[in-house]
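*Asks:* please find the sequence and the predicted model below.
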Amino acid sequence: MKNVILIGFIYIGLVSQSFSQDEKSLSKMEQFVSNAGQIIKFENYNLPDLKGSYAVLKTKVRRVYAGGETKYYFIMVKEDKYGNKTAYIAEEDLVEIEKALDQLIIQSENEESNSDYLENKFTSEDGFQIGYWKGKSLKWFVTLEKYGSSSTSFNGYADLKAIIGMAQKKIQELKAS
């Protein structure tokens, strides 16, 4: 009987562990605002839409006041009839993404692979991805969330570089005000 109870507890532990691994992890912004018992203030500053090959991404900078702290986020939203896909990119991650994009641009311009398919990308801590893939032609992409279909492709990198620069500039303006 003790063995049956022990096996039952082991089984329940394994099942609960597998479910917890499948749960979506919280973004840095979601973690920052998840503290109960405090006043949280959000301010959004819209940026121009980012037009991809087959989708348009809404972009904005968000300033969040919570628990005496202020943090800034760049938000990209892909509207979908089944639920929007959203990337919340923390200010410190935006700096890393911008550096990675500069490196990816250089690598894409010097790409000499003869493979049938090639993909080169950077992934942030929150699962946001930016990069390029090459089949018959070179395409750039962003993936907003770790799970689900949240990728959008672009014919070049210029608009991606521009919107990241606009977000950085807006954050600096907000910090100065």
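*Replies:* Structure received.

*Asks:* measure residue 139 to residue 58 for me?
*Replies:* Applying Cβ to Cβ, to the nearest Å, the value for residue 139 to residue 58 is 21 Å. All C-beta atoms are positioned from the backbone trio N, CA, C, and that covers glycine.

*Asks:* repeat that for residue 109.
*Replies:* Residue 109 is 29 Å from residue 58, by Cβ to Cβ.

*Asks:* looking at those two, which is more packed in?
*Replies:* Legend: neighbour count by other Cβ atoms under 10 Å for residue 109 and residue 58, higher for residue 58 (16 against 9).

*Asks:* in this structure, which spans are strands?
*Replies:* 40-51, 56-66, 69-78, 85-90, 118-123, 129-134, 138-143, 151-154 (DSSP state E).

*Asks:* where does the chain have low pLDDT?
*Replies:* For the chain, the stretches flagged by pLDDT under 70 are 1-24, 32-33, 35-36, 148.

*Asks:* give me the most central residue, it.
*Replies:* Geometric centre of the chain, nearest residue: residue 128, 2.8 Å, by Cα atoms, centre = their mean.

*Asks:* next, count neighbours for the closest residue to residue 43 other than its chain neighbours.
*Replies:* Distance criterion Cβ to Cβ, 6 or more residues apart in numbering; nearest residue to residue 43, sequence neighbours excluded, is residue 63 at 4.4 Å. Residue 63 has 18 neighbours, counted by other Cβ under 10 Å.
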